[in-house]
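> show me how the following folds:
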Amino acid sequence: MLVPTPPIIQKIKRISPTLYDAAMKCMARAAWLAGGDRKLLPAHPRALLGISVHAVLERARTGGIAAGSDDARRADAESLFDQKMRELFAASHPLLHAKFDGPDRLPFYNLFRARAAQMAVDATVGSQRSGQPVLRAATGGVTVEAALVSKDGRVAGRADVLDVANATVIDYKTGSAEPGALNDSELRQLRLYAYLATENGIAIRRGVIERADRTRAEVPISPQEAAEEGRRALVVLDAYNQHAGKPFETATSPSSDACRFCPCIPFCEAFWRKAEPQWSGQCGTHVEGVVESLEGDALVSIYVNVTRGTGAQGPAVVTRLSREWLTFSGSVFPQPQQTVRVIDATYVEGSNAPAVFRADRIATTVWIVPSPSAVAAEES
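Numbering: from 1, shown residues only. The predicted structure follows:
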């Protein structure tokens, strides 16, 4: 795959909790989420699984899961999960198809499927057995997937659940964490939802994160905290729009924390200039180097001289690369003297010279960096 061209930053009229959180880490990361061409980058399998979990939960909360026994509800939820995953996989990047024969072959598929089904049962059983409807108006009760916009129209978001009667906003997360723990991103998100609810005449005093492993984390949210989060979001929106019309790189702020799980790493020049091996523990192992030779047939090893990234510089070999991962859909195969970027490899501890980086089927991608002459020809 050739490294894609980063987008020119476009002005946005409003900011969402997701964009707000991204911009707090790096304005360029938010720019990619706001206007980048998602088809250029393979999605992480967990992202697709997470979307499907949310789709099942939304259906459960709105009464779309079959009535009857818990087993019947669970089976219906599993069927919905399978259907959503088939849709997402069919529309996913070709590399995902080269790596996996179908959506049910994705790592952790059965785990996420089972968790989605159990969460769907949990979401419906209590309401239905108590005789209360699952979905009620915002004047009282529960509102699911509530789309909220601030009075000035500059902040918008969609909370998973607004429990108006209990003044609570609930957000579902597919990842795991220490029981009862909330990270800064989750806290910001809950407070911003509380701000949006207040802007729409709904009082929220508590935020809840419900995780796929059935753990919960709660935090009180005061009106002052919600209002302050809304104010900060507007400040971030104005700061973001100062970059409108400028090159992607002008908004970058790479660091070991900001670049963690960032999709922009393949094409973010600022990352490659600043990244250090010490970052690998927090944001993964990503290396850039010049190809010296290639070996193998079905499984390929690429010998490179690493010059930048979060792996040690010097001679290295990237092993266990399927040829199909490198040539899918007519993709260009790396050649000696070309510069490549290997994203999300695994460093083999104890390897000396050459250092060994093992390809990971789930997340590893290999990108070819266009030569300066090729870039100049394209621009002309």
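> give me the element the closest residue to residue 169 other than its chain neighbours is part of.
Using CB to CB, 6 or more residues apart in numbering and skipping the chain neighbours, the partner closest in space to residue 169 is residue 193 (4.6 Å). (Each C-beta comes from the backbone N, C-alpha and C, glycine too.) Element membership of residue 193, judged by DSSP states H and E, is helix 184-199.
> tell me which residues in that helix are buried?
Along helix 184-199, these residues count as buried under the neighbour rule (16 or more other CB atoms under 10 Å): 186-199.
> quick check: the farthest pair among these?
Greatest spatial distance among the buried residues of helix 184-199 (CB to CB): 186 and 199, at 20.6 Å.
> quick one: contacts for residue 185?
Residue 185 sits next to residue 21 when contact means CB atoms under 8 Å, 6 or more residues apart in numbering.
> same check on residue 175?
With CB under 8 Å, 6+ apart, residue 175 has these contacts: 50, 211-212.
> out of those, which end up buried?
Looks like those have 50, 211-212 buried, using 16+ other CB under 10 Å.
> make JSON lines out of these and add secondary structure and distance to residue 5.
Shown next, in JSON lines, are the buried ones among the contacts of residue 175 (DSSP: H, G, I helix; E, B strand; the rest coil; distance: CB to CB, whole Å):
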{"residue": "50", "secondary structure": "helix", "distance to residue 5": "28"}
{"residue": "211", "secondary structure": "strand", "distance to residue 5": "37"}
{"residue": "212", "secondary structure": "coil", "distance to residue 5": "36"}
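> next, format those as JSON lines and append pLDDT and distance to residue 246.
Listed next are the buried ones among the contacts of residue 175 as JSON lines, based on pLDDT from 0 to 100; distance: CB to CB, whole Å:
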{"residue": "50", "pLDDT": "93", "distance to residue 246": "32"}
{"residue": "211", "pLDDT": "84", "distance to residue 246": "38"}
{"residue": "212", "pLDDT": "77", "distance to residue 246": "39"}
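> low-confidence stretches in the stretch 1-150 of the chain?
Along the stretch 1-150 of the chain, segments meeting pLDDT under 70 span 125-145.
> please enumerate the helices of it.
Remark: helices assigned in the stretch 1-150 of the chain by DSSP state H, counting those that start in this stretch are 17-25, 27-35, 45-61, 70-90, 94-99, 109-129.
> report the contact partners of the residue nearest to residue 169.
17, 148, 157, 159, 162, 169, 171, 204, 207.
> and which of the buried ones among the contacts of residue 175 is nearest residue 293?
Residue 293 has its nearest neighbour among those in residue 50, at 39.1 Å by CB to CB.
> tell me the angle the helix holding residue 193 makes with helix 17-25.
Per axes from the mean of the first three to the mean of the last three CA atoms, to 10 degrees, the angle that helix 184-199 makes with helix 17-25 is 130 degrees.
> most neighbours among the contacts of residue 193, which one is it?
Highest neighbour count within the contacts of residue 193: residue 169, with 32 neighbours (other CB atoms under 10 Å).
> test my guess that that residue contacts residue 190.
Yes. Using CB atoms under 8 Å, residue 169 makes contact with residue 190 at a distance of 6.0 Å.
> need the residues that contact stretch 99-115.
By CB under 8 Å, 6+ apart, stretch 99-115 touches 45-46, 48-50, 52-53, 78, 81-82, 85-86, 88-89, 174, 212-214, 322, 325, 361-362.
> export that stretch as CSV, just CAs?
Output of stretch 99-115 as CSV, limited to C-alpha atoms (Å, rounded to 0.1, in the frame of the first residue of the first chain):
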residue,chain,number,x,y,z
LYS,A,99,-6.4,-11.3,6.3
PHE,A,100,-9.7,-12.9,7.3
ASP,A,101,-12.1,-15.1,5.3
GLY,A,102,-15.2,-13.6,6.9
PRO,A,103,-16.4,-11.5,9.8
ASP,A,104,-16.7,-14.5,12.1
ARG,A,105,-13.0,-15.1,11.6
LEU,A,106,-12.1,-11.8,13.2
PRO,A,107,-10.2,-12.2,16.6
PHE,A,108,-12.6,-11.9,19.6
TYR,A,109,-15.7,-12.2,17.4
ASN,A,110,-17.4,-14.8,19.6
LEU,A,111,-16.4,-12.9,22.8
PHE,A,112,-17.9,-9.6,21.6
ARG,A,113,-21.0,-11.5,20.2
ALA,A,114,-21.6,-13.1,23.6
ARG,A,115,-21.1,-9.8,25.4
